[in-house]
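>>> I'll drop the sequence and a predicted model, then ask my questions.
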Amino acid sequence: MTKAIVIGGGIAGMCAAKVLADAFDEVTLIERDRYPDVAASRRGVPQGRMFHTLLERGRREIETLFPGIHKLMDERHAPRVSFGFNCALMTPRGWGRNLPFPSITSLFCTRGFLETAIRDHFCKEERVTVIEDATVAGLTSDGERACTGIRYKVRGDDSEHQMPAELVVDASGASSHAPSWLTKIGVEPPREHELDPLLTYAGVLLKRRPGTRFPKHWWWTHGAFVQRVPPRDNKGAHLIRQEGDLWLLTLVAGDGFDLPEDIDGIARFLAQMRSPLVHDMYPYFEPTGTYSRFRLPKNRWKYYEDWSDPLDGFIAIGAATCVFNPNMGQGMSVAAADADILRRCLEQTTSPRELPRLFFREQARFQKNAYQLACRNDLRFDSVQGKRTLRVRLFNAYRDMITQAIAANPALARPTGRVDMLLDPISRLYRPAYLLRVLFAWAFLRSRQTPDAAARVAPEPPPRA
Ligand SMILES: Cc1cc2nc3c(=O)[nH]c(=O)nc-3n(C[C@H](O)[C@H](O)[C@H](O)COP(=O)(O)OP(=O)(O)OC[C@H]3O[C@@H](n4cnc5c(N)ncnc54)[C@H](O)[C@@H]3O)c2cc1C
């Protein structure tokens, strides 16, 4: 009889448990929260009140793991959003291109809604036992180099319990205590890299005021984004459609800017934005939830892949290994893709000694794309303290060239969109054929003034393409 334990039942934990159920006789998932009966935010996932989108990579991974989940999401009216088609996007360089047809889409719904949909399917897994209201307090070991299980407490009961397992998977998210758990059993934790994006988010759920209708020319029926502009404009906002009739307003402030303390200050904050678009949409809505603020955690990479003191029978997955600015909406997709990497590694080995080494290597190879995209973008902002290496500066300059080149050759948008959606690695952007096309388009554009240049910085996006 083989057993695996998963610590934490967020996106990474649920996906990992599903994968482990095919390789182990028994899987126990331990979650410190009691899951809500309906789609709602919960204490253990404080970021869940903030905006969450599921990129195409995550959508595909989750559909593979839980077939039929997207039909369920469609039935429950989770909108698919395509920038430039049904959602306006003001990038640092002005309005994004607008499109006559949807391009790559993302799924937009509240975090609680997605989690509940996954759980509705996930709970049908026979080999997985879910223990709610239980908090893992540490690891157990054989005193040498092997993890033998966990120590945990159940809410309302002061005594500590132990549970043995052949494999322990830490999926306890950004606030994972694994480094101190490892230290306590005499294992040196992996070294870490950190970069503080110095960002605060605030969000509130809204619903349409009865009887109101957007003006006819507003093709951005699913919402609008106004992004921050490096190096110093640290204010952003978005108002995006969610499941059913819900909308989510998000305010973003980097270092030096204050977010309103309460709902009264929202309109004032929006009025100071580069584009009045979100401010103009806001009066069509009224609040339907509480206003909350959230200080973003630091970008953090735990170097499990070069761990000098690896522990047999222990792996970590999702935000427990790598946390990054959610600016590009990649965290849940990374968590789901990590589970697929685990599945492929388990096909090669279930040995408690070999699996961690293989898994951490493969996971790092994939996760570094999301981590680098997030950190390099953060480093565009003067307020962020970090090393701006030549590689980082070249990458950011090249991304700017790509953005400009797309105006001359829209076909160039797809490869970079696929990288942002985590469908392809960053290295795709350096393929000689693509690089040359970018250079040509960029040089061509610089030699001419494009007719729509003025429209790209107008207060409203250009009319529908
Ligand atoms: C403001 C903000 C906005 C974001 N927006 C997006 C977005 O648009 N798109 C996107 O893809 N990602 C987004 N993310 C990232 C996303 O929330 C995380 O990357 C993703 O949830 C990681 O999933 P996870 O399962 O690893 O961790 P989590 O979702 O944090 O889950 C961890 C789970 O472990 C449980 N737990 C913790 N400690 C213990 C313990 N000791 N014992 C038992 N259980 C425990 C918690 O209760 C929780 O259920 C955003 C993050 C933030 C902060």
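Received, thanks. Numbering: from 1, shown residues only.

>>> pretty sure E192 contacts Y304?
No - using Cβ atoms under 8 Å, E192 makes no contact with Y304, being 10.0 Å away. C-beta here means a position set from N, CA and C on the backbone, and glycine is covered the same way.

>>> Name the residue in the two with the higher neighbour count.
Y304 (27 against 11; other Cβ atoms under 10 Å).

>>> Give me the domain ranges for the chain.
3-52+113-194+297-374, 88-110+197-295, 390-457 (automatic domain parsing).

>>> Over to A4. Which of the three states is it?
strand (DSSP: H, G, I helix; E, B strand; the rest coil).

>>> how many neighbours does it have?
Number of residues near A4 (other Cβ under 10 Å) recorded here: 27.

>>> Any figure for the gap between it and the ligand?
From A4 over to the ligand the distance is 15 Å, taken as Cβ to the nearest ligand atom, to the nearest Å.

>>> Any idea what that residue is bridged to?
Residues in a beta bridge with A4, per DSSP bridges, are V27, L167.

>>> I figured it hits A165, correct?
Yes - with contacts counted by Cβ under 8 Å, A4 reaches A165, the gap being 5.8 Å.

>>> hey, what's in contact with both of those two?
Counting by Cβ atoms under 8 Å, 6 or more residues apart in numbering, the contacts common to A4 and A165 are T28.

>>> isn't R42 right next to R111, touching?
No - R42 is beyond contact range of R111, at 9.3 Å (criterion: Cβ under 8 Å).

>>> The residue in the stretch 51-200 of the chain positioned nearest to the ligand: what's it in contact with?
Closest to the ligand within the stretch 51-200 of the chain is G173: 2.7 Å, counting by Cβ to the nearest ligand atom. Residues near G173 by Cβ under 8 Å, 6+ apart: 8, 10, 12, 44-45, 318-320.

>>> nearest residue to the residue nearest the centre of the chain other than its sequence neighbours?
The C-alpha lying nearest the average C-alpha coordinate of the chain belongs to G331 (Cα atoms, centre = their mean; 2.5 Å). Nearest residue to G331, sequence neighbours excluded (Cβ to Cβ, 6 or more residues apart in numbering): A319, at 6.2 Å.

>>> and the one you found, helix, strand or coil?
Here A319 is helix, with the state taken from three-state DSSP.

>>> So which residues make contact with stretch 198-205?
Counting by Cβ under 8 Å, 6+ apart, 49-51, 110, 242, 246-255, 259-260, 263, 266, 287-296, 325, 381, 383-384 sit against stretch 198-205.

>>> That stretch and the ligand, any residue contact?
Yes - counting by Cβ under 6 Å from any ligand atom, the ligand is contacted by stretch 198-205 at Y201.

>>> What mean pLDDT does that stretch get?
Mean pLDDT, stretch 198-205: 95.

>>> before we move on, back to that, in contact with the residue nearest to the centre of the chain, which residues?
318-319, 323-324, 370.

>>> Filter these down to the buried ones, ChimeraX style.
A single ChimeraX command selects the buried members of the contacts of G331 (16 or more other Cβ atoms under 10 Å):
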select :318,319,323,324,370
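
>>> Could you point out which of the contacts of G331 is nearest to E56?
The closest of those to E56 turns out to be A370 (Cβ to Cβ; 13.7 Å).

>>> mean confidence for stretch 67-84?
Per-residue scores along stretch 67-84 average to 89.
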